[in-house]
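Engineer: generate a structure from the sequence data that follows.
(chains A and B)
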Amino acid sequence: MAASSSSRDDLSGTDDLLGTIDPASSSSPSSSSGVEMLKRAWRNEKAAPEILQYEEELVETFREQIRSREDIIDNYSGGGTEDLMLSLFRMDLDRTLFILRSYLRIRLQKIEKHVFHICKSNLWNRLSKSEQNFATRCTDILEKHLEQSVLGKLPYGYQSILKQSISSEDIDMVPEPRLDTFVFCKSRDSIGSFQLDDYGEEIVDLVADDLYILRYKSIKALVESGRIDLL
Amino acid sequence: MFCKSASQLLKELAYNDNDQLTPFNNDIFEQVFRECDEHHLHLQSLMRKIQDDGLDIQTTRNSDHFGAVIHHLSLIRNKRCLMAYMYNRAEIIRSLRWKIGTILPEEIQSKLNYSEEEYFKNHCAALEVYMSEIDLDLTVDMIPPKDPSIQVRVRCDIGDVLLGDQVASLTNNSVHLMKRTDAEQFISQKQVVGALLAPLPLEGAKLQKSDLYSVMPLIYLCKFGFQQLP
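Structural biologist: Residues are numbered from 1 along each chain as shown, chains lettered A, B, ... in the order given. Prediction:
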């Protein structure tokens, strides 16, 4: 492909490039809806106060796609194709890469922030394998740091990192993410009347595509099942 | 005593500008530890007194017991204050990795104590391992991309660098057009400055702050102390 394009003029080289990378073509049939899904996952992760389920397939699909697109662009950059087209495709690739990187970065920062809580609760299952390794490492170094500087010098019985003292009944020194912060959300389909809290006092009618500001705690289950999107 | 010094540590934290580190307050830290030891001694002597009086530790509610409770509560409060101080500083240190990179400038390095420096190094190492596992560098691309390449001016001699598949000679004051991701690592180490994408001002107009400069270089320029307009 690359060898033949260099012998043609600019315009037909561009058509060639368009043919390969055009999202409507058969090479990447689901790319337009795939990007939407990636953007959704990214927006949800950004707005939610706690870490959400890792979208393994999405990330893997996009890594593959990015790799193949990079190869295609590399093939064409040597030939006679117009620089503008190349930079446009490069731009598109960069923007997808940005969303992917940002998604992983936000997750990493949430892990860093609440590392003890994540390790001790069922949020652990929402992490990917590499993230779990990272979280274990983070706990270790933070424990070591705190023990070295504070806990080692405290009297016996007060040296635990998770409990205030050995007489505490529960683990009470772990900071948890605040689940009752308000988030903007939009419902994907009509859910109808929805109970916001345990007492049955506040009931809200959730209609599709309407914008709401609610406490994250109340809509946690809906976000996890994908029926509500955070903005 | 009774957590007055520990609360000073917390006040120091509260008076900070967001994400600014103050020098590690070793004096107050040591003082709080001394107070903790004192409280512990008092606590133990009171408990012994209860036992010597022949009373049951779990159920007695006399003045000695309440004295012991106060010492215990002060100890816990001191522990919480110290942990909060270290924990918050650790959070700021972690954010430094994302903002500045692996090498801290001297003025920040001097504010950390030994344990914090080690923590920073270990944290950077953990991040490196994660990024190599997923084979993706997460420290570039911190802002949404507006252009695939930016113009940069080199501020100090870097020599010959491999960019993509070409070697560029980065000598002082030369201007290059390089890919965003390549440029970011140099910009964060302050070795190049993002030049304006529209290098020539409009004819007859003075180059003022309120001129529309491309957003990206402006954000990079902010790292060097220029004011960004709200």
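Engineer: so A:Leu214 touches A:Val183, yeah?
Structural biologist: Yes - with contact defined as Cβ atoms under 8 Å, A:Leu214 and A:Val183 form a contacting pair (6.7 Å). Using the backbone N, CA and C atoms, a C-beta is placed for each residue, glycine as well.
Engineer: tell me, what residue is most central in chain A?
Structural biologist: The residue lying closest to the centre of chain A (Cα atoms, centre = their mean) is A:Tyr103, at 3.5 Å.
Engineer: quick one, strands of chain A?
Structural biologist: In chain order, chain A shows strands spanning A:182-187, A:192-195, A:203-206, A:211-215, A:228-230, with DSSP state E as the criterion.
Engineer: pick the most buried one from those.
Structural biologist: Across those, averaging neighbours per residue (mean count of other Cβ atoms under 10 Å in any protein chain shown) puts strand A:228-230 on top, at a mean of 20.
Engineer: that one: partners in the sheet, and parallel or antiparallel?
Structural biologist: Sheet pairing here is set by DSSP bridges, and for strand A:228-230 it gives strand A:182-187 (antiparallel).
Engineer: would you mind getting the angle between the partner strand and strand A:211-215?
Structural biologist: Calculated by axes from the mean of the first three to the mean of the last three Cα atoms, to 10 degrees, strand A:182-187 forms an angle of 140 degrees with strand A:211-215.
Engineer: send me strand A:182-187 as CSV with only the CA atoms.
Structural biologist: Only the C-alpha atoms of strand A:182-187 are listed here, as CSV (Å, rounded to 0.1, in the frame of the first residue of the first chain):
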residue,chain,number,x,y,z
PHE,A,182,-24.0,15.7,44.7
VAL,A,183,-23.5,14.8,41.0
PHE,A,184,-25.1,15.8,37.8
CYS,A,185,-26.7,12.9,36.0
LYS,A,186,-28.9,12.1,33.1
SER,A,187,-31.1,9.0,32.9
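Engineer: average pLDDT for stretch A:153-162?
Structural biologist: The average pLDDT for stretch A:153-162 rounds to 79.
Engineer: ok, residues contacting that stretch?
Structural biologist: With Cβ atoms under 8 Å, 6 or more residues apart in numbering or on different chains as the test, stretch A:153-162 has contacts from A:116, A:120, A:143, A:146-147, A:151-152, A:164-167, A:171-174, B:33, B:36-37, B:40, B:75-76, B:79.
Engineer: can you tell me which of the residues you listed end up in helices?
Structural biologist: A:Phe116, A:Lys120, A:Glu143, A:Leu146, A:Glu147, B:Phe33, B:Cys36, B:Asp37, B:His40, B:Leu75, B:Ile76, B:Lys79 (DSSP state H).
Engineer: just the buried residues of these.
Structural biologist: The neighbour-count criterion (16 or more other Cβ atoms under 10 Å in any protein chain shown) marks A:Phe116, A:Leu146, B:Phe33, B:Cys36, B:His40, B:Leu75, B:Ile76, B:Lys79 among the ones in helices among the contacts of stretch A:153-162 as buried.
Engineer: would TSV of those residues with distance to B:Tyr119 and pLDDT be doable?
Structural biologist: Listed next are these as TSV, based on distance: Cβ to Cβ, whole Å; pLDDT from 0 to 100:
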residue	distance to B:Tyr119	pLDDT
A:Phe116	15	87
A:Leu146	9	89
B:Phe33	19	87
B:Cys36	22	87
B:His40	27	88
B:Leu75	25	87
B:Ile76	24	87
B:Lys79	19	87
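Engineer: any low-confidence regions in chain A?
Structural biologist: Within chain A, the stretches with pLDDT under 70 are A:1-32, A:77-82, A:169, A:192, A:196-203.
Engineer: got it, and chain B?
Structural biologist: Residues of chain B meeting the criterion pLDDT under 70: B:147-148, B:158, B:164-165, B:181, B:187-230.
Engineer: can you pull the contacts of residue 108?
Structural biologist: Assuming you mean chain A. Shown in contact with A:Leu108 (Cβ under 8 Å, 6+ apart): A:Glu131, A:Phe134, B:Leu127, B:Tyr130, B:Leu138.
Engineer: oops, wrong one, chain B.
Structural biologist: With Cβ under 8 Å, 6+ apart as the criterion, the residues that contact B:Ile108 are B:Leu21, B:Leu96, B:Ile100.
Engineer: which one of those residues sits closest to A:Ile72?
Structural biologist: Nearest to A:Ile72, judged by Cβ to Cβ, of these is B:Ile100 at 35.6 Å.
Engineer: what about B:Leu127, neighbour count?
Structural biologist: Other residues within reach of B:Leu127, judged by other Cβ atoms under 10 Å in any protein chain shown, total 21.
Engineer: is the nearest residue to it once chain neighbours are set aside in a helix, a strand, or coil?
Structural biologist: Spatially, and ignoring its direct neighbours in sequence, B:Leu127 is nearest to B:Arg97 (6.6 Å; Cβ to Cβ, 6 or more residues apart in numbering or on different chains). Here B:Arg97 is recorded as helix under DSSP: H, G, I helix; E, B strand; the rest coil.
Engineer: what does B:Ile150 give?
Structural biologist: strand.
Engineer: tell me the spacing between B:Gly67 and B:Gln51.
Structural biologist: Separation of B:Gly67 from B:Gln51 (Cβ to Cβ, to the nearest Å): 14 Å.
Engineer: higher neighbour count, those two?
Structural biologist: Neighbours were counted for B:Gly67 and for B:Gln51 using other Cβ under 10 Å; B:Gly67 has more, 17 against 12.
Engineer: residue contacts, that one?
Structural biologist: For B:Gly67, the contact set (Cβ under 8 Å, 6+ apart) comprises B:His42, B:Leu46.
Engineer: and with 7 Å instead?
Structural biologist: B:Leu46 (Cβ atoms under 7 Å, 6 or more residues apart in numbering or on different chains).
Engineer: quick check: phi and psi at it.
Structural biologist: When quoted as degrees, to the nearest 10, the phi and psi of B:Gly67 stand at phi -60, psi -40.
Engineer: and B:Pro23, by the same measure?
Structural biologist: phi -60, psi 140.
Engineer: please compute how far the lengthiest helix in chain A lies from its chain's middle.
Structural biologist: In chain A, with assignment by DSSP H, the single longest helix is helix A:83-113. Centroid separation between helix A:83-113 and its chain, computed with Cα atoms, centre = their mean, to the nearest Å, is 11 Å.
Engineer: and for residue 163, the neighbour number?
Structural biologist: Answering for chain A, as no chain was given. Count around A:Lys163 with other Cβ under 10 Å applied: 17.
Engineer: wait, chain B was what I had in mind.
Structural biologist: The criterion is other Cβ under 10 Å. On that basis, B:Leu163 has 15 neighbouring residues.
Engineer: roughly how far does it sit from chain A?
Structural biologist: Distance of B:Leu163 to chain A, computed by Cβ to the nearest Cβ, to the nearest Å: 14 Å.
Engineer: so A:Glu176 makes contact with A:Val115?
Structural biologist: No - the criterion here is Cβ atoms under 7 Å, and A:Glu176 misses it with A:Val115 at 11.6 Å.
Engineer: all set now, cheers.
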